[in-house]
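In: Give me the fold of what follows.
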Amino acid sequence: MIDNRYLLEELKRTPLEQQRIELVERKGQGHPDSIYDAVAEAVSLALCRGFQVAFGRILHHYTDKALLVAGRTLPRLGGGQVVEPMRLVLGDRAASGYQPARGEAGRSVKPRASEARRRCLARNLLIVTNPRSTMFSFHSK
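Out: Now for the predicted structure:
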């Protein structure tokens, strides 16, 4: 019986490690991948700190699923106007809150995530300082 799950082909070019030059794509600070990677990391770090304070340990969470939808602007020399803000949707799994003990207030991760996003954008994208420049939603289960 022939196993058809695997396909092997001969390499018809110089292997990468033997080539004199390698072309690499670099993504800058304003690239959508860089933006949401930075925000996802900032949110994760903020959640870790919050969980550590609230529970004395870091709860299981993921924040690496993100979608950045471009907005619309009317650019002009020395300024411009945001017509429609960019939208950043971030989420996956995080303890969205917990059952508090009697007399204790519950805690939500959404305000912490939103503040981490705001600080990250202010630090990394200096031109995106106006909160109306971005719409942010954090979803977790």
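In: Gln29 touches Asn124, doesn't it?
Out: Yes - at 5.9 Å, Gln29 counts as touching Asn124 under the criterion of C-beta atoms under 8 Å. Any C-beta I mention is one placed from the backbone N, CA and C, and that applies to glycine too.
In: Who has more neighbours out of these two?
Out: Asn124 (15 against 10; other C-beta atoms under 10 Å).
In: Contacts only, for that one.
Out: 29, 35, 38 (C-beta atoms under 8 Å, 6 or more residues apart in numbering).
In: These in helices, which ones?
Out: Among the contacts of Asn124, the members falling in helices (DSSP state H) are 35, 38.
In: what's the lowest-pLDDT member of the contacts of Asn124?
Out: Ranked by pLDDT, the contacts of Asn124 bottom out at Gln29, which has 77.
In: For Gln29 and Asn124, list the residues in contact with both.
Out: In terms of C-beta under 8 Å, 6+ apart, Gln29 and Asn124 are both contacted by the residues Ile35.
In: what about Val82, which SS state?
Out: strand (DSSP: H, G, I helix; E, B strand; the rest coil).
In: Correct me if wrong: it contacts Ala70.
Out: No - checked against C-beta under 8 Å, the pair Val82 and Ala70 is beyond contact range at 11.5 Å.
In: With neighbour numbers in mind, choose between those two.
Out: Between Val82 and Ala70, counting by other C-beta under 10 Å, Val82 is the more crowded of the two (16 against 10).
In: Which stretches in this structure count as strands?
Out: Secondary structure of the chain (DSSP state E): strands at 65-69, 72-76, 79-84, 86-92, 134-140.
In: Quick one, which of the ones you listed gets closest to Arg49.
Out: strand 134-140 (15.8 Å; C-beta to C-beta).
In: In contact with Gln81, which residues?
Out: Shown in contact with Gln81 (C-beta under 8 Å, 6+ apart): 73-74.
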